[in-house]
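Asker: Structure of the sequence below:
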Amino acid sequence: MVAGFGVNGQLLKRVAEVYAWLDEQVRRCGDLAGACTACGDCCDFDEFGHRLFITPPELMYLAAHLCPRNVKPMLGSRCPYNRDGKCEVYEHRFAACRIFCCRADPDFQSTLSETSLEKLKSICTEFQVSYRYTAVAEALNDLAGV
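Answerer: Below is the predicted model of the structure:
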């Protein structure tokens, strides 16, 4: 479904609702959520020592908001949408990017991640999309045709 970038508008709306819910949880929980300084360090996954995984609805959401020529593969360990510490797709960033902050409480992040994954799985079920939890590099490279 993503290959042609023709994505169901209702699916996109549901993903946007999950993202709005996540943003509200992070905003509401203050210190537990941490305060992002937009340093961009966490966008270099190998250097920071973590991996980012995404779901099909999230990839569909990003693809639907980018022109095909703006889809970037992830050829190294740094997110290709991070430019000088700033996220070029901030408004459309993935759930894990919304949740993770290097200064946040790990238990808070874990709980929020599990809840958001359940919401994203339900979108897969509702729209009959196969659920996969895929490393961001693999997902972006597939989307970019690399």
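
Asker: pull the helix or strand with minimum mean pLDDT from this structure.
Answerer: helix 45-48 (a mean of 84; mean pLDDT, DSSP states H and E).

Asker: Other residues contacting the helix or strand following that helix?
Answerer: As assigned by DSSP states H and E, the chain's next helix or strand after helix 45-48 is strand 53-54. Strand 53-54 has contacts (CB atoms under 8 Å, 6 or more residues apart in numbering) with Phe94, Ala95, Ala96, Tyr133, Thr134, Ala135, Val136, Ala139. Placement of C-beta: from N, CA and C, glycine included.

Asker: and strand 53-54, what's its mean pLDDT?
Answerer: Per-region confidence: strand 53-54 scores 95 on mean pLDDT.

Asker: again, but for stretch 57-67
Answerer: 92.

Asker: from the chain's centre, how far out does that stretch sit?
Answerer: 10 Å (CA atoms, centre = their mean, to the nearest Å).

Asker: Buried ones in it, by neighbour count?
Answerer: Pro57, Glu58, Leu59, Met60, Tyr61, Leu62, Ala63, Ala64, Leu66 (16 or more other CB atoms under 10 Å).

Asker: which outside residues touch it?
Answerer: By CB under 8 Å, 6+ apart, stretch 57-67 touches 1-2, 5, 7, 11-12, 14-16, 19, 71, 89, 91-92, 94-95, 120, 123-124, 127, 129, 134, 139-140, 143.

Asker: show me the contacts for the residue positioned nearest the centre of the chain.
Answerer: In the chain, the centroid-proximal residue (CA atoms, centre = their mean) is Phe94; its distance is 1.3 Å. The contact partners of Phe94, by CB under 8 Å, 6+ apart, come to Leu52, Ile54, Glu58, Leu62, Val136.
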